[in-house]
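In: What follows is a protein structure lacking sequence information:
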DNA sequence: TGTAGTGTATTATACGGGTAATACACATCG
DNA sequence: CGATGTGTATTACCCGTATAATACACTACA
């Protein structure tokens, strides 16, 4: 478990994002058990209530489910799981497009920059 | 003056971003006078202090300058002005690349999505 | 059986960022 | 001269977030 926090967004939001990324990458698989609230809080050095808040929201979004008082698990709903990846991608793309268009960067320049940065970042191992 | 605010970022940050976009697009030219703090506050329906905070930070960044108690003006430093556009673009690209790589979206898919969204957004007139 | 670990809920507190309210000094201009 | 508009500074308040401290019901398991 390795999460780097920034100071801009609430911790619980960043925790949710982290899980979504893990799901999108396939690291977390359907039905897989995830750390308990207290366990997660220990690992990430955050308050159990903050972990609880993140899990609660993920449960409301159908990302995880809980049976009895057993550790929560990743949903088995393939539709939801597929949706996570698509949601993350779309959100990133739309935000990006909005940004570059708001300062009128032509498509060709955008594509060049993306390609360049993508490969450079790849080489440096930022994955 | 037309700024749409979101609830996530502080208003003063969004105000700064707005001015940077205007500068990057060339709408605001070197030496051009900008609204006074109070005037801006009126136009955007925000608190004068919030406008002040935005202007103060812009002044610290060298984007605007103030002589006496006259309305501030856009800097004439071409280097700074050029830098604004580059800064906005780089920031957008880097954030975007980080997002898509964190969920391992291949470059081809990224480029396709960007191209598609860019053109669609263009057609809809979101510029 | 009982202990430890689970999810869940409630209440209180502290802190910081953002915003609001107000005041001051100065200069321009009618 | 006085009023208005400018930049600037100080103080105070609101609210979301994060944390802390408990509490309760349930269950797996030694």
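Out: Here it is on my side, so go on. For clarity, every value in this text was computed on a predicted model and none was experimentally measured.
In: ok, residues contacting stretch A:104-122?
Out: A:100, A:127, B:24-25, B:89, B:93-94, B:96-98, B:100-101, B:107, B:110-111, B:114-115, B:118-119, B:127 (CB atoms under 8 Å, 6 or more residues apart in numbering or on different chains). To be clear about C-beta, it is placed using only N, CA and C from the backbone, and glycine gets the same treatment.
In: Buried residues of that stretch, list them for me.
Out: Burial within stretch A:104-122, assessed by neighbour count using 16 or more other CB atoms under 10 Å in any protein chain shown, is assigned to A:105, A:110, A:113-114, A:117-118, A:121.
In: same deal with stretch A:54-67?
Out: A:54-55, A:58, A:63-64.
In: How about stretch A:93-107?
Out: Buried residues in stretch A:93-107, counted by 16+ other CB under 10 Å: A:93, A:96-97, A:99-103, A:105.
In: Could you do stretch A:78-86 as well?
Out: A:80-81, A:83-85.
In: where does chain A come near chain B, residue by residue?
Out: Residues of chain A lying close to chain B by CB under 8 Å from any CB of the partner chain are A:21, A:24-25, A:85, A:88-89, A:92-105, A:107, A:110-111, A:113-115, A:117-119, A:121-122, A:126-127.
In: next SSE after the helix or strand that contains residue A:95?
Out: Element membership for residue A:95, per DSSP states H and E: helix A:78-102. Under the assignment DSSP H and E, the closest C-terminal helix or strand after helix A:78-102 is helix A:107-123.
In: Run the angle between that next one and helix A:78-102 for me.
Out: Angle of helix A:107-123 versus helix A:78-102, following axes from the mean of the first three to the mean of the last three CA atoms, to 10 degrees, is 120 degrees.
In: so for helix A:107-123, what's the average pLDDT?
Out: Here helix A:107-123 scores 96 as its mean pLDDT.
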